[in-house]
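J.: The sequence and its predicted three-dimensional model are supplied below.
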Amino acid sequence: MSQMVTQGLLKQEQIDFYRQNGFVQVNDVLTSEELAELREYMDEVMGADQGMSLQTDQHGGAYYRVLNQRVNTWRDHAGMARYTTHSRFAEMARLLTGASGIRLFHDHALLKMPGDSKPTPWHQDSTYWPMNEDGALSIWIALDDVDENNGCMMFVPESRRAGKLNPISLSDPQDLFQYAEGTGHDQSQSVICRMKAGSATFHDGLTFHFAHANVTDKPRRALAIIFMPDGTTYSGKSHAVTNGQPLEKDQPIRGGLFPLLARGV
């Protein structure tokens, strides 16, 4: 691990921070050239009318006001696939978690649209994922500068220790902190992550997080990639990415749609 850290992927203090708090901000994960390229690829894939990716809601829908989202863009666009399956990001996830290997679960291109935008309410990601084990995490790569005006993220440190709570509807949200009452984790502890384009956050699937509304006149663009430790098993829960796939309950999630992207030495 120390060799990879010294190669510039992560600093030891970033790994330590993630393991303590369940999230970490990592600046400049993309070069300026990569940022320009990924913006171009995302514009192309978000403008497509059909393909193997999933558009979660249409213009005017309640969810669209929170997020204009397309899942598994890597299946439609070779350029997106280069970034979604990039070993650099997967190895960073492996170093943060200490997993022996990291597999892809899915990507999602996220546009928080201008105008009638809504906040992304406080929630935990893992409540939606069909996984028996904890430990899956997301990288959230900002393709625009982000702050409170256009939808930057906030996290509650150490909140994954509260365990898996009830899922939250993003379009008709409940108050996550009502479910978290008595756990010692509340909104007053939250940390805001303002970032320059090309920077990223990683967060554990159990970490409480939130994104502000976009009150600017331009979409806020981000690419999120969900990684899971190799050996993570399928719970059998319905999920758009796993429905119809040849997965067996309580057996490892693997195969062509869930490739192994990083492996420890």
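T.: On my side now, so go ahead.
J.: Please count neighbours and contacts with C-alpha atoms only from this point.
T.: Fine.
J.: quick one, strands of the chain?
T.: For the chain, the strands defined by DSSP state E cover 23-26, 54-55, 68-71, 101-112, 120-123, 137-142, 153-155, 191-193, 200-204, 209-211, 220-229, 260-263.
J.: Mind checking those for the one nearest to Asn166?
T.: Between Asn166 and the strands of the chain, the shortest separation by C-alpha to C-alpha is 8.8 Å, and it involves strand 120-123.
J.: Would you mind listing the outside residues contacting the closest one?
T.: Taking contacts as C-alpha atoms under 8 Å, 6 or more residues apart in numbering, the residues outside strand 120-123 that touch it are 66-67, 167-168, 170, 173, 175-176, 208-213.
J.: Quickly note the distance from Phe177 to Pro119.
T.: Applying C-alpha to C-alpha, to the nearest Å, one obtains 16 Å for the distance of Phe177 from Pro119.
J.: Show the pLDDT at the residue lying closest to Asp16 once chain neighbours are set aside.
T.: Taking C-alpha to C-alpha, 6 or more residues apart in numbering as the measure, Asp16 lies nearest to Leu96, with 8.0 Å between them; neighbours along the chain are not counted. pLDDT recorded at Leu96 is 98.
J.: Can you flag the weakest of the strands of the chain by average pLDDT?
T.: For the strands of the chain, the bottom mean pLDDT is recorded on strand 54-55, which sits at a mean of 68.
J.: What's the biggest helix in the protein, counting residues?
T.: Longest helix in the chain by number of residues (criterion: DSSP state H): helix 32-46.
J.: So what's the model's average confidence on it?
T.: Per-residue pLDDT values across helix 32-46 average out to 95.
J.: and the angle for that helix with strand 101-112?
T.: With axes from the mean of the first three to the mean of the last three C-alpha atoms, to 10 degrees applied, the angle from helix 32-46 to strand 101-112 works out at 70 degrees.
J.: Okay, buried residues for helix 32-46 please.
T.: Using 16 or more other C-alpha atoms under 10 Å as the test for burial, helix 32-46 gives 35, 38-39, 41-42, 45-46.
J.: How about stretch 140-152?
T.: Applying a neighbour-count criterion of 16+ other C-alpha under 10 Å, the buried positions in stretch 140-152 are 140-148, 150-152.
J.: so how far is it from its chain's centroid?
T.: Taking C-alpha atoms, centre = their mean, to the nearest Å, one finds stretch 140-152 lying 13 Å from the centre of the chain it belongs to.
J.: Check stretch 242-260 too.
T.: So, by C-alpha atoms, centre = their mean, the centroid of stretch 242-260 is 19 Å from its chain's centroid.
J.: So what touches it?
T.: With C-alpha under 8 Å, 6+ apart as the test, stretch 242-260 has contacts from 101-106, 130, 132, 230-236.
J.: do the same with stretch 80-93
T.: For stretch 80-93, with C-alpha under 8 Å, 6+ apart as the criterion, the contacting residues are 9-10, 38, 41-42, 73-75, 102-104, 107, 137, 139, 202, 225, 227, 261-263.
J.: Start and end of it, how far apart?
T.: Taking C-alpha to C-alpha as the measure, stretch 80-93 stretches 18 Å from start to finish.
J.: surely Gly163 meets Phe208?
T.: No. In terms of C-alpha atoms under 8 Å, Gly163 does not count as a neighbour of Phe208; the distance is 10.3 Å.
J.: How many neighbouring residues does Glu91 have?
T.: Under the neighbour criterion other C-alpha atoms under 10 Å, Glu91 is assigned a count of 22.
J.: Okay, buried residues for stretch 119-126 please.
T.: Judged by neighbour count using 16+ other C-alpha under 10 Å, the buried positions of stretch 119-126 are 119-126.
J.: hey, what's Leu54 bridged with?
T.: On the basis of DSSP bridges, Leu54 takes part in beta bridges with Val71.
J.: give the contact list for it.
T.: Residues counted as contacts of Leu54 (C-alpha under 8 Å, 6+ apart) are 70-73.
J.: which one of the contacts of strand 120-123 is nearest Arg221?
T.: Leu67 (10.1 Å).
J.: And the nearest residue to the closest one once chain neighbours are set aside, how far from Leu247?
T.: Using C-alpha to C-alpha, 6+ apart and skipping the chain neighbours, the partner closest in space to Leu67 is Lys112 (5.0 Å). Between Lys112 and Leu247 the distance is 33 Å, computed by C-alpha to C-alpha.
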